[in-house]
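K.L.:
following is a predicted model, sequence given first.
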2 protein chains.
Amino acid sequence: MTEIEKTDNEQLILKAAEQEFLTKGYDGARTTSIAQKAGVTHAMLHYYFRTKKQLFDRIIEKTVETFKEAILAALGNPNMLFVDRLKDGIASQFDIMVANPLLPRFFLNATISSPELYDLLYERIASFVKVLIVDLQKEADAAAERGEIEKTDIQVLLITIMSLNVFPFIAYPFIGPVMGEMNPDREKFLAERKAENIELIMKRIIKQ
Amino acid sequence: MTEIEKTDNEQLILKAAEQEFLTKGYDGARTTSIAQKAGVTHAMLHYYFRTKKQLFDRIIEKTVETFKEAILAALGNPNMLFVDRLKDGIASQFDIMVANPLLPRFFLNATISSPELYDLLYERIASFVKVLIVDLQKEADAAAERGEIEKTDIQVLLITIMSLNVFPFIAYPFIGPVMGEMNPDREKFLAERKAENIELIMKRIIKQ
DNA sequence: AATTTGTTTAACAATTTTGTTAACGCAAAA
DNA sequence: TTTTGCGTTAACAAAATTGTTAAACAAATT
């Protein structure tokens, strides 16, 4: 075996594990299934990652970065004016969701089997978010002062944005069955949804 | 054992199973754990329900009714005028979520391990929803005609309502860690959220 | 009391899933 | 060439989880 192929097996397992864990969750994932997807014996999986839990932690480690990005995205670009910053932030977050549609479900699920995830999220994400919220709140207050927008609580607003941007991806499998195939075209559905979310927030904060 | 206790065993198992499945999902649930919670041997569980899957189906059967109620609730009371109907519907759905906070997660999770759930949801819920959407769309069109609200697509609106009303419950475990304990008082958080959701929808549809 | 019926228990069996080990192979270094 | 070390395989072991059974039991019916 050449060196490239060697290092590849570890990567193949990681890739297969990501797919397995993201679609089935920790409890539903099977190490044998991961090994099979990766095209290696399941002994190899244990050789490289020892236990299922350690392999899972590697996937968490990798995805938590994207998760963080997704949350921070909503807070927008600090160099833009408040309203534009917000529009841009909402759109950016939505785009990240489009690119990683399995992520929300995965994290919601992960909290069930690994409660220690809370601490990880806190140490990795909370500090950033807290600072940015304070910053954004100041801008919101200033914009409200100038009469551009209504007085707005950024924490409340952030939950609204997350709700609107994240829920459609979590619930996508339900939307068909429950609504009755109203959305044959995923692309179109997502484009409309993105525009609608921005519209909703704007109507909420812009002073009439 | 008295007679009351005897007949109760089946119920005790169902109750324990509901708690286990709702908090841990199908894959994470353990029949031994359910039996233990119910205070019976795990052989009893198999005596009454044969397999884990059959027990799970009983829980699905029970909870799908509440799930249906929750969705229909958002469509409001047909005897009310459009705007009031909507306000009332949003509030009602939110209240159902408060009363059944584990339900959304459970159903999102359940789709992973039982894909046949789609068919169940379709046959149980879709027919109702479809009719009510058509009904509500007519009312919305009429209200828009009268200049009371903006032209509104009810399917889009329904997804918005679900997003706003459901997401906070799914994500509740995250809100603390990520936002940094901004919500020490759950009651207060929920009351504010409910009002905010109604406000958001109203600002979106009411013609200024 | 004897019979029937449904319930309960404890021990066991089967299956699934995860984890381990010893032996083997191969490429690079000594 | 021998050695060293990592990667690989196959077979095995262990653990966890679900499912079964025979026998005991209890309550109601005859």
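P.N.:
Yes, it's here.
K.L.:
quick one: the helices in chain A?
P.N.:
For chain A, helices defined by DSSP state H occupy the ranges A:3-28, A:31-38, A:42-49, A:52-73, A:82-99, A:103-113, A:117-121, A:127-145, A:154-170, A:172-179, A:186-205.
K.L.:
so can I have a markdown table of the ones you listed showing mean neighbour count, mean pLDDT and distance to DNA strand C?
P.N.:
Placement of C-beta: from N, CA and C, glycine included. Compiled in a markdown table, the helices of chain A are given as follows (neighbours: other C-beta atoms under 10 Å in any protein chain shown; pLDDT from 0 to 100; distance: least, C-beta to the nearest atom of the strand, whole Å):
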| stretch | mean neighbour count | mean pLDDT | distance to DNA strand C |
| --- | --- | --- | --- |
| helix A:3-28 | 17 | 86 | 7 |
| helix A:31-38 | 18 | 98 | 4 |
| helix A:42-49 | 16 | 97 | 3 |
| helix A:52-73 | 17 | 97 | 4 |
| helix A:82-99 | 19 | 98 | 28 |
| helix A:103-113 | 21 | 94 | 11 |
| helix A:117-121 | 17 | 92 | 18 |
| helix A:127-145 | 16 | 94 | 32 |
| helix A:154-170 | 23 | 97 | 24 |
| helix A:172-179 | 18 | 84 | 22 |
| helix A:186-205 | 17 | 96 | 31 |
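K.L.:
of the ones you listed, which is nearest B:Leu72?
P.N.:
With C-beta to C-beta as the criterion, B:Leu72 lies closest to helix A:172-179 of the helices of chain A, at 10.5 Å.
K.L.:
would that closest one count as contacting chain B?
P.N.:
Yes - Helix A:172-179 comes into contact with chain B when judged by C-beta under 8 Å from any C-beta of the partner chain, the residues involved being A:Pro173, A:Phe174, A:Ile175, A:Gly176, A:Pro177, A:Val178, A:Met179.
K.L.:
please apply the same query to stretch A:60-78.
P.N.:
Yes - residues of stretch A:60-78 are located near chain B by C-beta under 8 Å from any C-beta, namely A:Ile71.
K.L.:
just the C-alpha atoms of that stretch, please, in PDB.
P.N.:
What follows is stretch A:60-78 as a C-alpha-only set of coordinates in PDB (Å, rounded to 0.1, in the frame of the first residue of the first chain):
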ATOM      1  CA  ILE A  60     -19.000  16.100  16.700                       C
ATOM      2  CA  GLU A  61     -15.700  17.900  16.700                       C
ATOM      3  CA  LYS A  62     -15.900  18.500  13.000                       C
ATOM      4  CA  THR A  63     -19.600  19.400  12.700                       C
ATOM      5  CA  VAL A  64     -19.600  21.700  15.800                       C
ATOM      6  CA  GLU A  65     -17.500  24.200  13.700                       C
ATOM      7  CA  THR A  66     -20.200  24.300  11.000                       C
ATOM      8  CA  PHE A  67     -22.800  24.600  13.700                       C
ATOM      9  CA  LYS A  68     -21.000  27.500  15.200                       C
ATOM     10  CA  GLU A  69     -20.700  29.200  11.800                       C
ATOM     11  CA  ALA A  70     -24.400  28.800  11.200                       C
ATOM     12  CA  ILE A  71     -25.300  30.500  14.500                       C
ATOM     13  CA  LEU A  72     -22.800  33.300  14.100                       C
ATOM     14  CA  ALA A  73     -23.900  33.800  10.500                       C
ATOM     15  CA  ALA A  74     -27.300  35.100  11.600                       C
ATOM     16  CA  LEU A  75     -25.500  37.900  13.500                       C
ATOM     17  CA  GLY A  76     -24.300  39.200  10.200                       C
ATOM     18  CA  ASN A  77     -21.300  41.300   9.100                       C
ATOM     19  CA  PRO A  78     -20.400  44.000  11.700                       C
END
